[in-house]
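Enquirer: okay, sequence plus prediction incoming.
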Amino acid sequence: MKKWIGFLSLALMVCLPPLRSASAEEWRYLTHQPLFQPLVADPREMRALLTFYSRGNHLDGAIGKTLPLARKTTDRYDVEWGFHAAAFTYLNQRKLSFPMQSSDWWFGTYLSGGRRIQWRLDFTRVSAHLGDALFEDETPIIYSREFLRFLAATRRGPFRFYVGPGGNVHILPHEKKLFLQTGLEWIARPAKGSARLYAAWDFKAKQEAGGVVNNALQAGWQWGDAEQGRIFRIGLTYFNGHSENGQFYKEREKKLTGGIFFDP
C-alpha cells in the first residue's frame, strides 16, 4: 500500500509544471476548497463533526480534512490532485467523561476534474480499532481496507446527483470486494443572511457481510458557500443499515442523531 501511494504521489508531482500565467491555462496550488464538493450525507466523508444520539448516551465525532494540492484550469476542463484524511470516533458519554468505543482512521489521495459533470477518483486506506472502554467486553478484529472509488456528480438547479462504483484492492477480514454508492442533495436559496435549508440522501450497496444496504439521510440549516468558503451545518441525520464503524461492520444499526458539521 505504501508503495502504491508513494508511486502515485511521485508520478503526479513530477508531472506538475511550475506556476505560470496564461490566458487559457492556469495552475493553482493549495486552494481553500476542493473541486469536487464533499458529499453531504455520506457518514464517512472527510469532515469535522459532532453528533449526539437520540437514544442512549452515545455520540459520534470526526476530525477530517481534504487538502487540494494542485489544480489545473483550462478553457475546456479542470483537474485537481490532493490528499484527504479523517479520524472517526464512537464515544459513550458518562457524566463529563467520554470513553471511546471505537475509532476509524482514513487517509488517501484523490484525483478529480470535470465541469458540468464532475468526477473524483479516490484511493483510501482504512483501519479500525476497538476503544479502551470495550477491551474487557469485546474481542477486537483486524479491520483493514484499501479501496478505489470513482464518483461522478452533476448539478441541476438546487439538486445534485452523484453515483459511482468502488472496490477494495485489499480487505481484512476477507470479504467480497465491490460496492456501489449514489445519492441526491438539495439546497434552497439563501434566506436571511447566508442561511439555507438543505436535505441529502446517501445510499451504499456493498457485497461484504453477506450483502449490505445502507441509507443515510441528513437535513437542516447551512451557512456559507461551498464554492467560496467553508460550510457550517446544523442538522439531523437518520441512518439505517450496517454500522459504518469498522469494528462493528457486521452489526445492523438504526439511529437518529443531531449535531454540527464542518466542510471541507
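Expert: Thanks, I have the structure now.

Enquirer: and the helix or strand residue 60 falls within, what other elements does it pack with?
Expert: Under the criterion of DSSP states H and E, residue 60 resides in strand 58-74. For strand 58-74, the elements it packs on are strand 25-29, strand 48-53, strand 78-92, strand 100-114, strand 252-263, judged by 3 or more Cβ pairs under 8 Å, 6 or more residues apart in numbering; DSSP states H and E. Heads up, the C-betas are built off the backbone N, CA and C, glycines and all.

Enquirer: now the angle between strand 48-53 and it, please.
Expert: 150 degrees (axes from the mean of the first three to the mean of the last three Cα atoms, to 10 degrees).

Enquirer: need the contact list for residue 194.
Expert: By Cβ atoms under 8 Å, 6 or more residues apart in numbering, the contact set of residue 194 is 223, 224, 225.

Enquirer: any regions of the stretch 51-200 of the chain where pLDDT drops low?
Expert: 95-96, 192 (pLDDT under 70).

Enquirer: one more time with 90, if that's ok
Expert: Filtered on pLDDT under 90, the stretch 51-200 of the chain yields the residue ranges 55-57, 76-77, 92-100, 131-139, 189-195.

Enquirer: for residue 127, what are its contacts?
Expert: Counted by Cβ under 8 Å, 6+ apart, residue 127 has contacts 104, 105, 143, 144, 145, 246.

Enquirer: may I see the PyMOL selection of the buried members of the contacts of residue 194?
Expert: Listed next is the PyMOL selection for buried residues among these, using 16 or more other Cβ atoms under 10 Å:
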select buried, resi 224
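
Enquirer: before we move on, the earlier item: so the strand holding residue 60 versus strand 252-263, what angle?
Expert: 50 degrees.

Enquirer: over to residue 147: give its phi and psi.
Expert: Main-chain torsions, residue 147, degrees, to the nearest 10: phi -130, psi 150.

Enquirer: which residues sit against the helix or strand where residue 213 lies?
Expert: Element membership for residue 213 (DSSP H and E) is strand 212-223. With contacts defined as Cβ under 8 Å, 6+ apart, strand 212-223 is touched by 40-43, 187, 193-206, 231-242, 244.

Enquirer: cool, and stretch 84-92?
Expert: Here stretch 84-92 has contacts from 44, 46-47, 57-67, 98-110, 122, 124, 131, 133, 244-245, using Cβ under 8 Å, 6+ apart.

Enquirer: any of these buried? List them.
Expert: 44, 46-47, 58-62, 64, 66, 98, 100-104, 106-110, 122, 124, 131, 133, 244-245.

Enquirer: I'd say residue 113 and residue 76 touch.
Expert: No: at 10.7 Å, residue 113 does not count as touching residue 76 under the criterion of Cβ atoms under 8 Å.

Enquirer: neighbour-wise, which of these two wins?
Expert: residue 113 (18 against 8; other Cβ atoms under 10 Å).
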